[in-house]
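Visitor: sequence and predicted structure below; questions after.
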Amino acid sequence: DSPDRLVLAMQRYLDLVEENPVPLRMVHGHMHSALGEWLGEFTDIREELNTIPNKKLRKKAVEALPQYRAVCQKLRERILEVYRTEGRTYPMPV
């Protein structure tokens, strides 16, 4: 298993959201559900995720996707760094 598999799945999910818009509160919730344990380790990235406005109208969902993608990319980079330096493929929430 790839240590960043959940992030890759969320990136694919965001592609699907772009094609089939849903309310941002759902995107936000799914990000926390899928990535929550890693976000528990990298609390600065969790805080960044929590600053993304998620109460916009459905037609505005695509506008926030770049912010969600940026969070995914940062998290992926951190996870891969942990894997390279520690060999760890699982989160260790603080």
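Guide: Everything's here; your move. Residues are numbered from 1 along each chain as shown.
Visitor: phi, psi of the most centrally placed residue in the chain?
Guide: In the chain, the residue lying closest to the centroid (C-alpha atoms, centre = their mean) is residue 72, at 4.1 Å. The phi/psi pair for residue 72 (degrees, to the nearest 10) reads phi -60, psi -40.
Visitor: residues contacting it?
Guide: For residue 72, the contact set (C-beta atoms under 8 Å, 6 or more residues apart in numbering) comprises 7, 10, 11, 14, 31, 35. (Glycine included, C-beta is placed from N, CA and C.)
Visitor: let me know the closest of these to residue 63.
Guide: residue 14 (12.8 Å; C-beta to C-beta).
Visitor: burial of that closest one, as a residue count?
Guide: When neighbours are counted by other C-beta atoms under 10 Å, residue 14 registers 19.
Visitor: quick check: residue 38 touching residue 6?
Guide: Yes - counting by C-beta atoms under 8 Å, residue 6 is a contact partner of residue 38 at 7.1 Å.
Visitor: who has more neighbours, those two?
Guide: residue 38 (23 against 20).
Visitor: mind pulling up the pLDDT for the more buried one?
Guide: Listed pLDDT for residue 38 reads 97.
Visitor: what does residue 5 give?
Guide: 95.
Visitor: now residue 80
Guide: 97.
Visitor: please point out which parts of stretch 18-35 sit buried.
Guide: Across stretch 18-35, burial judged by 16 or more other C-beta atoms under 10 Å covers 21, 23, 24, 27, 28, 30, 31, 34, 35.
Visitor: and the fourth one, how far from residue 46?
Guide: Put plainly, it is residue 27. According to C-beta to C-beta, to the nearest Å, residue 27 and residue 46 sit 15 Å apart.
Visitor: name the nearest residue to residue 82, sequence neighbours excluded.
Guide: residue 88 (5.3 Å; C-beta to C-beta, 6 or more residues apart in numbering).
Visitor: please disregard the earlier target; I meant residue 46.
Guide: residue 39 (3.9 Å).
Visitor: ok, the one you found touching residue 47?
Guide: No - checked against C-beta under 8 Å, the pair residue 39 and residue 47 is beyond contact range at 9.1 Å.
Visitor: with that, I have no additional questions.
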